[in-house]
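A.B. asks: Give me a 3D structure for the following:
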Amino acid sequence: MAATPAAKRLDTSNLNLKEQVVSINRVTKVVKGGKNMSFSALVVVGDPGAKVVGYGTGKAKEVPAAIKKGIEAAKKNLRRIHVLETTIMHPVLGRYGAGQVLLKPAPPGTGVIAGGPVRAVIQSVGIPNVLTKSIGSHNPHNVVKATINALEQLRDRASVADLRGLPQDKL
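C.D. replies: Reported below is the predicted structural model:
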């Protein structure tokens, strides 16, 4: 189950992107001469005002270089998300590998009820009120990808009306 690619690449020059490091992993490769250490970083970037989010991974010998590579990869992987003013339109379940993330709308004043990787993605998109539940895998990579998969399943009223062949006021 691969994530659907973005239809067109978004222009990052006019976006106010904020980066958030979700996880840093120390990786060791055992070779004949000893152990080669490197670092892997999972980064989420987003613009809460434009409702845009993306994720990326970077690997390097040093942590700052890995984070920088992750940010560059995330900027190439941006997606626009359909949300209401304060929450999402409907409950949705995103899946990636063994990770599942359930997102549910919440009334104003609830806040973001989410943990770790899910919170990073939701805050990067700029959704102020949402309830979440992470089911299955707790691997940050799978949880981030499942959360973005769930957000991509959200539809606005216009697309649903167009899909059903009805005017918007009949929904």
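A.B. asks: so where is this structure shaky, pLDDT-wise?
C.D. replies: Residue ranges of the chain with pLDDT under 70: 1-9, 171.
A.B. asks: one more time with 90, if that's ok
C.D. replies: The chain contains residues with pLDDT under 90 at 1-16, 49-50, 82-86, 115-116, 155-171.
A.B. asks: Domain map for it?
C.D. replies: 18-79, 82-170 (automatic domain parsing).
A.B. asks: now these in JSON lines, with mean neighbour count?
C.D. replies: No exception for glycine: its C-beta is placed from N, CA and C like everyone else's. Listed next are those as JSON lines, based on neighbours: other Cβ atoms under 10 Å:
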{"stretch": "domain 18-79", "mean neighbour count": "17"}
{"stretch": "domain 82-170", "mean neighbour count": "18"}
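A.B. asks: could I have stretch 75-82 exported to CSV, CA atoms only?
C.D. replies: Extracted in CSV, the C-alpha atoms of stretch 75-82 (Å, rounded to 0.1, in the frame of the first residue of the first chain):
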residue,chain,number,x,y,z
LYS,A,75,9.3,19.9,0.8
LYS,A,76,9.2,17.8,-2.3
ASN,A,77,6.3,15.7,-0.8
LEU,A,78,3.8,18.4,0.1
ARG,A,79,0.0,17.8,-0.1
ARG,A,80,-3.0,20.1,0.3
ILE,A,81,-5.6,18.9,2.9
HIS,A,82,-9.3,19.7,2.9
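A.B. asks: which outside residues touch that stretch?
C.D. replies: With contact meaning Cβ atoms under 8 Å, 6 or more residues apart in numbering, stretch 75-82 is reached by 6, 9-10, 12, 15, 17, 45, 50-56, 89, 125, 148, 151-152, 154-156, 159.
A.B. asks: and what of stretch 25-42?
C.D. replies: By Cβ under 8 Å, 6+ apart, the residues outside stretch 25-42 that reach it are 21-24, 55-63, 66-67, 69-70, 117, 140-141, 144.
A.B. asks: for that stretch, how far is the first residue from the last?
C.D. replies: Taking Cα to Cα, to the nearest Å as the measure, stretch 25-42 stretches 8 Å from start to finish.
A.B. asks: Show me the strands in the chain, by range?
C.D. replies: Counting by DSSP state E, the chain has these strands, from start to end: 18-31, 34-47, 52-60, 79-80, 92-96, 99-105, 112-113, 130-136.
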